[in-house]
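Chemist: Fold the following.
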Amino acid sequence: MMKGSPPTTVAYKYFVDAAKLHASRHPERPCQVLDVASGHGEPAFTLVEQLPGVDVTLTDFAEGMVKVAQLEAQERGITTARFQVADGQDLSTWPANTYDIVMCSFAVFMMDPERALQEWKRVLKPGGLTIFSTWRMSEHDLMGLWRTIISKMAPGEMVALPEGIKDMGNAEPVLQLLSQLGFVDASCREVNVPIHVAASGIPDLFRNPMMAALIEKKTQPGAEREAWLKKAHSIMVDTARNRHFLQEDGSIDTPRQTMLFFTAFKP
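Modeler: Below you'll find the model as predicted:
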């Protein structure tokens, strides 16, 4: 996930604790973890630091973000993590039954989340655990800011987004989908996670899979895309100001942001 922006370490702790608990059930072997849409590398790096012997592979669809994560690992002295450019909806690089844990922090808003979950289940070992989080849909949080940008920059696109993406911000449809895909013991915990986005981190908010897909669809690389992003940034800041999220230093605070934290097992 993105450095200097959501989620806070409050959210990371849930991932790390769940992964450590699952790893403790098989102390005889190193825990193999695949982190999908890793961004800057959290919570995967914290897991590496807190769980000796864990084998973590960080992936991201964007090659540039993989390079950013590699630099972050170097700065933190992390030498055991692996890095791979990969689409969370297509993990064909890896055979079935490879990983003990597949996790994804706030990046499951992909164009085809059902396909993504199917892939995660495929690469999990029997008894393996998937851990992922989303944000509950609300007009008074970060998701509301994203939806405002979409409605103003690409009218009609919010309606046109696949229902699967819209459903990921609500617990019940996700739990139903996990059951339909054959996961067992699926659960969801709702946690309030106050969000602070530094002014310098606001551009990173446009790198989530949902926004990235929209930008690619609506713009051409180069000057057109830069102009689109500049206007979207302005809308983001203006909307944050109108909703009293914008701080004097240019940062954005959303004090009431509900994280949906999901866990489910492959039988």
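
Chemist: Which parts of the stretch 51-200 of the chain are helices?
Modeler: Using DSSP state H, counting those that start in this stretch, the helices assigned to the stretch 51-200 of the chain run over residues 63-76, 113-123, 142-153, 157-160, 163-167, 171-180.

Chemist: and the longest strand for the chain?
Modeler: strand 124-135 (DSSP state E).

Chemist: Give me the helices and strands touching that one, please.
Modeler: helix 9-23, strand 99-105, helix 113-123, strand 258-265 (3 or more C-beta pairs under 8 Å, 6 or more residues apart in numbering; DSSP states H and E). In short, each C-beta sits where N, CA and C put it, glycine included.

Chemist: want to try CSV for the helices of the stretch 51-200 of the chain, with mean pLDDT as columns?
Modeler: Converted to CSV, the helices of the stretch 51-200 of the chain look like this (pLDDT from 0 to 100):
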stretch, mean pLDDT
helix 63-76, 94
helix 113-123, 96
helix 142-153, 81
helix 157-160, 54
helix 163-167, 61
helix 171-180, 96
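
Chemist: right, so of those, which gets closest to residue 237?
Modeler: Residue 237 sits nearest to helix 142-153 of all the helices of the stretch 51-200 of the chain, at 9.5 Å, using C-beta to C-beta.

Chemist: residues contacting the nearest residue to residue 112 once chain neighbours are set aside?
Modeler: Distances taken as C-beta to C-beta, 6 or more residues apart in numbering place residue 89 nearest to residue 112, at 5.4 Å, with adjacent residues excluded. Neighbouring residues of residue 89 by C-beta atoms under 8 Å, 6 or more residues apart in numbering: 110-112, 115-116, 119.

Chemist: ok, now residue 69?
Modeler: Contacts of residue 69 by C-beta under 8 Å, 6+ apart are 38-41, 58, 60, 83.

Chemist: ok, back up a step: out of the helices and strands packed on strand 124-135, which comes closest to residue 146?
Modeler: Closest to residue 146 of the helices and strands packed on strand 124-135 is strand 258-265 (C-beta to C-beta; 14.9 Å).

Chemist: Let me know how buried the residue nearest to residue 136 when sequence neighbours are not counted is, in neighbour terms.
Modeler: For residue 136, ignoring the flanking residues on the chain, the nearest one in space by C-beta to C-beta, 6+ apart is residue 258 at 3.9 Å. Per other C-beta atoms under 10 Å, the neighbour tally for residue 258 reads 17.

Chemist: so residue 258 bridges to which residues?
Modeler: Taking DSSP bridges as the rule, residue 258 bridges to residue 192.

Chemist: What score does it have for pLDDT?
Modeler: pLDDT recorded at residue 258 is 87.

Chemist: Nearest residue to residue 103 in space, please, no chain neighbours.
Modeler: Take residue 103 and drop its neighbours on the chain: the residue closest to it by C-beta to C-beta, 6+ apart is residue 131, 4.2 Å away.
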